[in-house]
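**Student:** no FASTA, just this:
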């Protein structure tokens, strides 16, 4: 499988995100695509060459989730940005947010609080495929804490590269800018 | 959301898995269900009480994936065991395994090799929701290395509790027993 | 640097630890020595061959701490077992334990509680080289959570392989057996 | 134990490090001191109140290494910067670097390559207390991969906050600036 980097240049100009920050962010994203393919190719070659018992195989395999998620989460993130639309409060998503967090406001408060957790990583609103329930989940780096069998609905990057160029240490201001630019129609379309 | 432990007692008697091992394994699984609910309740209470800024909130939230996956992965695992059925080589799953790993045998070799990786955790055959591609993925403990936006198709536990009672240090023998008991019709039904 | 496995056979016969469990534990320990040397040799070779820019170099380097600690922590652990001596309540160690945890009993309660933390890994009583302070620290697996610039004083293994053969799921019973066999003179000798 | 933040303002003006970057970095460091004390106080209170069996106790304990190392590693880092001195090639440190990496140049190449590893964290030149051997070690975040029973000799921060403000995505340029400012007399003094 060879993945190709998608083009998110249309996000440039989005309020609260400088061109420098976004261009650097796209470059980082492209690095994850490149490295996902690189690890995938190396592992495929090792299988063919009968080297699956080597430490190199083990460690490249163990690392695959970091690169793959570094690619995939950036895609979810960029695709749920750039929106001017607001959440339809009568739609399935709004209803399910209220089920899980008491109200839309309860959910937003919890999502922002999750974004303020010390460390670097992601906040993901996950939907459980089995129960349909929604969870605001914290992810360390790219690969620690994902919920197996759940689908990402809304994804927010809180690596330092996502905000430091524009906001310094003020992560909460970045999160406010993120909320202003959520593409809710994309997000709502991810819910079942 | 309150989860309930499912009953997998029908697996008792499965060849290569002692009753002692399975009963202990069910007990451990029930512990994950209990703790998923406990963390979920604590986080819900903290949100209501306005304590989302506390270290306790952060750390319980950060840990949620460990308990949730400890619950959910055991369910996938027990449910893809107990089978006498073999893989239908003309079905979608067999075709996709061959696409990704050259042949069914190539896939099985890679899956077993992934199961031999040093450390404790899980092996998961994941299907990418976006591309449909299949990946044998190694997971450290319960929550490190999951592929975001992918669905578990076949799940194998390689924590020490999954095999040590019956196989001591012989993990490969346990993996052989696992393969003899895969419920392929369940597994095939998880693929799209 | 080539490390050699030490011989801890003199521990066989220790009350509360079966021969089967200890022999398997020694075998696992020897595997960490072997793999520490293997990773070290591979990294040295890559440096000589100018391959430090490869993914293989990165991932073997990233994994080194797992194997090295898997070796070193088992050595601390086996060496602080096998003792019949009790803690000298007038010695530096006893005094420092009381400073940090109110009393020896407070310390022991905290150490045992740390050993009951969900997950697999180690409990380490660490002494801070800078302040001299003592901390009961939880380690996930072998390499997550060590305190930089601190020295291990007392080390307890709580991987499943450390107790499951003899105690099944009863980790607290194993911890009780561990406490009966602490070699306090070795432990006291590690404190400054 | 209550830790106090040290003052590293004398580093301001160091070539290749802007005042903005350093001041933000000091602020982040102070946050780790604050949070180390906060977690320590919470854990002490829980022990007194008999709450060591709670999930909150477990998760604050599990997180302690992140905050403690976030504090301690920044101290090692700032203290091994600001130097104009060069490494004395006849000293113990130089000899031991050559033992481990063939030559000083071999060591420096390996250290820089470790700094280029994908991910965020630290590079630490560690000395094994047992064998005296030196290792360039990669640390994920603040707490993953430390070598138990080893002492930090040279510490380099490669979190994005350590360089992005001044160097954007050019991590290698930051590492070059770091090398120009190593305080070798401090570093040599840490070796035994």
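**Tutor:** Arrived safely, thanks for sending. From a predicted model like this one, the values you see are computed outputs, not experimental measurements. Numbers count the residues shown, from 1 in each chain, chains lettered A, B, ... in the order given.
**Student:** Quick check: which element contains the residue of chain A at minimum distance from chain C?
**Tutor:** Distances between chain A and chain C by CB to the nearest CB are smallest at residue A:59, namely 3.4 Å. C-beta here means a position set from N, CA and C on the backbone, and glycine is covered the same way. Assigned by DSSP states H and E, residue A:59 belongs to helix A:55-79.
**Student:** my guess is the residue of chain A closest to chain C meets residue C:62, correct?
**Tutor:** Yes. With contact defined as CB atoms under 8 Å, residue A:59 reaches residue C:62; the gap is 7.1 Å.
**Student:** sorry, back to before: what sits against the residue of chain A closest to chain C?
**Tutor:** Residue A:59 sits next to C:56, C:59-60, C:62-63 when contact means CB atoms under 8 Å, 6 or more residues apart in numbering or on different chains.
**Student:** Just give me the closest of those residues to residue D:155.
**Tutor:** Nearest to residue D:155, judged by CB to CB, of those is residue C:62 at 17.2 Å.
**Student:** check contacts around the closest one.
**Tutor:** A:59, A:63, D:117, D:119, D:138, D:140, D:145 are the contacts of residue C:62 under CB under 8 Å, 6+ apart.
**Student:** give the contact list for the residue nearest to the spatial centre of chain A.
**Tutor:** When CA atoms, centre = their mean is applied to chain A, the residue found nearest the centroid is residue A:73 (3.3 Å). By CB under 8 Å, 6+ apart, the contact list for residue A:73 reads A:122, A:124, A:139, A:142, A:152, A:155, A:157, B:148.
**Student:** ok, back up a step: could the contacts of residue C:62 go into JSON lines alongside pLDDT and secondary structure?
**Tutor:** Compiled in JSON lines, the contacts of residue C:62 are given as follows (pLDDT from 0 to 100; DSSP: H, G, I helix; E, B strand; the rest coil):
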{"residue": "A:59", "pLDDT": "98", "secondary structure": "helix"}
{"residue": "A:63", "pLDDT": "98", "secondary structure": "helix"}
{"residue": "D:117", "pLDDT": "98", "secondary structure": "coil"}
{"residue": "D:119", "pLDDT": "98", "secondary structure": "coil"}
{"residue": "D:138", "pLDDT": "98", "secondary structure": "strand"}
{"residue": "D:140", "pLDDT": "98", "secondary structure": "strand"}
{"residue": "D:145", "pLDDT": "98", "secondary structure": "coil"}
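**Student:** Distance of the one residue in chain A that gets nearest to chain D relative to residue C:185?
**Tutor:** Among the residues of chain A, residue A:160 lies closest to chain D, at 3.9 Å counting by CB to the nearest CB. Here the criterion is CB to CB, to the nearest Å. By it, residue A:160 lies 48 Å from residue C:185.
**Student:** ok, now residue A:21?
**Tutor:** Applying CB to CB to residue A:21 and residue C:185 gives a distance of 59 Å.
**Student:** quick one: the helices in chain A?
**Tutor:** A:19-48, A:55-79, A:92-101, A:104-115, A:164-167, A:171-180, A:184-189 (DSSP state H).
**Student:** most neighbours per residue, which of the ones you listed?
**Tutor:** Greatest average neighbour count among the helices of chain A goes to helix A:55-79 (a mean of 23), per mean count of other CB atoms under 10 Å in any protein chain shown.
**Student:** angle of it against helix C:19-48?
**Tutor:** 80 degrees (axes from the mean of the first three to the mean of the last three CA atoms, to 10 degrees).
**Student:** how big is the angle separating helix A:55-79 from helix A:171-180?
**Tutor:** Using the same axes, to 10 degrees: helix A:55-79 against helix A:171-180 is 60 degrees.
**Student:** quick one: helix A:55-79 to helix B:104-115, angle?
**Tutor:** 100 degrees.
**Student:** Pull the distance from helix A:55-79 to the chain's centre.
**Tutor:** 12 Å (CA atoms, centre = their mean, to the nearest Å).
**Student:** ok, now which ones touch the residue nearest to residue A:176 when sequence neighbours are not counted?
**Tutor:** The shortest distance from residue A:176 to any non-neighbouring residue, by CB to CB, 6 or more residues apart in numbering or on different chains, is to residue A:16 (7.8 Å). Residues near residue A:16 by CB under 8 Å, 6+ apart: A:166, A:174, A:176-178, A:180-181.
**Student:** what does residue A:186 give?
**Tutor:** A:79-80, A:83 are the contacts of residue A:186 under CB under 8 Å, 6+ apart.
**Student:** how far away is it from residue A:111?
**Tutor:** 16 Å.
**Student:** How about residue A:76?
**Tutor:** Counting by CB to CB, the gap from residue A:76 to residue A:111 is 15 Å.
**Student:** try residue A:19
**Tutor:** In terms of CB to CB, residue A:19 sits 27 Å off from residue A:111.
**Student:** again, but for residue A:85
**Tutor:** Residue A:85 is 18 Å from residue A:111, by CB to CB.
**Student:** cool, and residue A:33?
**Tutor:** With CB to CB as the criterion, residue A:33 and residue A:111 are 27 Å apart.
**Student:** Quick check: residues of chain A near chain C?
**Tutor:** Listed as neighbours of chain C in chain A under the rule CB under 8 Å from any CB of the partner chain: A:35, A:38-39, A:42, A:55-56, A:58-60, A:62-63.
**Student:** contacting residues around residue A:21?
**Tutor:** A:162-163, A:165-166 are the contacts of residue A:21 under CB under 8 Å, 6+ apart.
**Student:** What does the pLDDT read for it?
**Tutor:** At residue A:21, the model reports a pLDDT of 98.
**Student:** Then residue A:83?
**Tutor:** Here the pLDDT value assigned to residue A:83 is 92.
**Student:** about what we covered before: dump the helices of chain A into a markdown table; add distance to residue D:68 as well.
**Tutor:** Output for the helices of chain A, formatted as a markdown table (distance: least, CB to CB, whole Å):
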| stretch | distance to residue D:68 |
| --- | --- |
| helix A:19-48 | 29 |
| helix A:55-79 | 25 |
| helix A:92-101 | 33 |
| helix A:104-115 | 23 |
| helix A:164-167 | 24 |
| helix A:171-180 | 22 |
| helix A:184-189 | 38 |
